[in-house]
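Asks: Okay, here's the prediction I keep looking at, along with the sequence it came from:
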Amino acid sequence: MDRLLVLLLRRFVRRGTLRITTAGGLVCSVGDGTGRPIAIRFTTSAAQRSILLDPELHLGEAYMDGTLQVEEGTLADFLALVLGQTPDGKPPRWARLQWILRYVWRRLQQFNVRSRSRQNVAHHYDLDGRLYSLFLDADRQYSCAYFETPDQSLDDAQLAKKRHIAAKLRVKDGHRVLDIGCGWGGLALYIAEFCRANVLGVTLSNEQFQCASGRAAEKNLSRSVEFRMQDYRDVPETFDRIVSVGMFEHVGVGYYDAYFQKCAELLDDDGVMLLHSIGRSEGPNVTNPWIAKYIFPGGYIPALSEVLPAIERAGLLVTDIEILRLHYAETLKAWRDRFMAHREEAERIYDQRFVRMWEFYLAASEMAFREQGMMVMQYQLTKRQNVVPITRDYIMREEARLRSLEGGQRPPLRLAGE
């Protein structure tokens with residue numbers, strides 16, 4: 001078993017330097033000898049067997065259980081090396097049959113009817129609220145930030161993201177705005193406060209609903225912002241603007257037509273929609289099985305080629321697409337730094353295995369954006385050609401206007417882990 005593991009790793013790891021110590025005591029190095037040396041150790045033969053049988057699922061489980069240990073370098077370094085071997089996002093050759101089977105069954109795994117969607121959301125977003133406070137920015141933005149400069153703080157980059165989205169929406173005083181998947185309410189509150197709009201935010205997370213409603217009351221914005229525990233498919237009103245950030249990844253590939261058709265029904269004829277979603281550049285794929293089991297059940301990151309046909313069938317026009325490439329990698333790095341700085345607090349909330357799971361999730365996600373074809377896509381959609389200007393300079397002008405309105409309300413600078 002030890003020699004089979006080494007043989008397969010030798011074929012898989014062609015770049016970098018990785019030293020492996022097996023459970024049986026065999027030590028060997030694989031790769032071309034370049035880069036920072038990384039060393040790992042297996043503590044049980046069972047962990048080795050499981051990774052040979054299903055590396056995409058069991059690599060993360062072995063790290064969670066402590067049967068895979070990183071002895072030189074960090075977990076992030078190790079995952080960067082591993083994911084850098086397959087920039088197309090496909091698993092090693094010996095695991096391709098499993099990938100094919102998962103691709104065939106992916107629609108069943110993403111059978112996100114209303115009741116299942118609510119369960120999937122609760123699995124991740126109804127965790128103890130103290131956990132998210134350990135690593136998110138002060139506004140609890142749990143999506144890709146927008147780094148205007150390389151040295152920008154996470155809090156300022158998240159504020160820039162809200163400003164950038166609001167500018168693209170061209171929200172006017174008194175507009176009716178729908179925020180699909182509103183999270184803890186930060187974007188909805190921003191639009192209500194600085195764009196003077198009336199905002200409805202919908203979520204399937206009870207934790208997020210309670211928090212967002214409380215924040216609206218604290219800011220005296222309850223008259224202009226309403227939050228509901230409601231599936232977007234059940235919203236009856238129509239709106240001048242629709243925004244959705246970080247929610248589309250939970251829709252499921254079999255529901256794209258229904259999603260965009262509902263958005264078309266909800267959007268007024270002169271309306272504008274902004275969809276912010278993680279995407280993949282290498283074409284249709286499957287959800288990593290470890291992520292599907294432990295982090296985002298029912299989730300899927302779409303390729304551009306899977307989204308655009310559904311938009312077309314819904315009768316919506318694509319008026320702008322912006323690709324944010326490494327912004328999410330930097331966001332995830334900031335989250336990981338903060339989380340690791342509060343590792344002991346996280347262990348007190350949950351336990352060591354949970355903390356190792358969360359560390360693996362943040363590090364693997366970051367390296368998927370750095371080493372593979374993951375990106376963030378912002379789609380601006382309308383029903384008519386003349387609803388938005390024909391050049392993009394209006395975005396910068398609106399950002400400047402919003403920045404002046406924010407004034408002294410910019411968030412304080414925070415160090416990682418504060």
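Replies: Done, it's in. Residues are numbered from 1 along each chain as shown.
Asks: Next one: residue 64 from residue 360, what distance?
Replies: Distance of residue 64 to residue 360, given as CB to CB, to the nearest Å: 7 Å. (Each C-beta comes from the backbone N, C-alpha and C, glycine too.)
Asks: in stretch 300-320, what's buried?
Replies: Residues 300-303, 306-307, 310-311, 314, 316, 319 are the ones in stretch 300-320 that count as buried (16 or more other CB atoms under 10 Å).
Asks: ok, now stretch 134-145?
Replies: Applying 16+ other CB under 10 Å to stretch 134-145 flags 134-137, 139-145 as buried.
Asks: Need the residues that contact the lengthiest helix in the chain.
Replies: What stands out as the longest helix in the chain, according to DSSP state H, is helix 352-371. With contacts defined as CB atoms under 8 Å, 6 or more residues apart in numbering, helix 352-371 is touched by 60, 63-66, 74-76, 79-80, 83-84, 87, 89, 131, 135, 288, 290-291, 294-295, 325-326, 328-329, 332-333, 335-336, 339-340, 343, 346-347, 374-375.
Asks: Have a look at residue 64 and residue 360 and say which one is more surrounded.
Replies: Neighbours were counted for residue 64 and for residue 360 using other CB atoms under 10 Å; residue 360 has more, 24 against 21.
Asks: Output the below-cut-off pLDDT ranges for the stretch 51-200 of the chain.
Replies: Scanning the stretch 51-200 of the chain with the threshold set as pLDDT under 70 gives 89-92, 94-95, 104-108, 110-112, 116.
Asks: quick one, helices of it?
Replies: 55-65, 75-84, 96-104, 106-109, 114-125, 129-133, 154-169, 186-195 (DSSP state H, counting those that start in this stretch).
Asks: looking at those helices, which is closest to residue 271?
Replies: helix 154-169 (9.5 Å; CB to CB).
Asks: This structure: strands as residue ranges?
Replies: 17-21, 27-31, 37-42, 68-72, 176-180, 198-203, 225-229, 239-245, 267-280, 317-324, 374-382 (DSSP state E).
Asks: ok so, going back, any chance of the helices of the stretch 51-200 of the chain in a markdown table with distance to residue 399 as columns?
Replies: Formatted as a markdown table, those follow (distance: least, CB to CB, whole Å):
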| stretch | distance to residue 399 |
| --- | --- |
| helix 55-65 | 39 |
| helix 75-84 | 32 |
| helix 96-104 | 40 |
| helix 106-109 | 38 |
| helix 114-125 | 29 |
| helix 129-133 | 27 |
| helix 154-169 | 5 |
| helix 186-195 | 11 |
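Asks: So which of those helices is nearest residue 384?
Replies: Going by CB to CB, the one of those nearest residue 384 is helix 154-169, 15.4 Å.
Asks: Only C-alpha atoms, please: export the closest one in CSV.
Replies: Taking Å, rounded to 0.1, in the frame of the first residue of the first chain, the C-alpha atoms of helix 154-169 are listed here in CSV:
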residue,chain,number,x,y,z
LEU,A,154,-10.5,43.7,4.2
ASP,A,155,-13.1,46.1,5.7
ASP,A,156,-12.4,48.8,3.1
ALA,A,157,-12.4,46.2,0.3
GLN,A,158,-15.8,45.0,1.4
LEU,A,159,-17.1,48.6,1.5
ALA,A,160,-15.7,49.0,-2.0
LYS,A,161,-17.6,45.9,-3.1
LYS,A,162,-20.9,47.3,-1.9
ARG,A,163,-20.1,50.7,-3.5
HIS,A,164,-19.1,49.0,-6.8
ILE,A,165,-22.3,47.0,-6.9
ALA,A,166,-24.6,49.9,-6.0
ALA,A,167,-22.9,52.0,-8.8
LYS,A,168,-23.6,49.3,-11.4
LEU,A,169,-27.2,49.1,-10.2
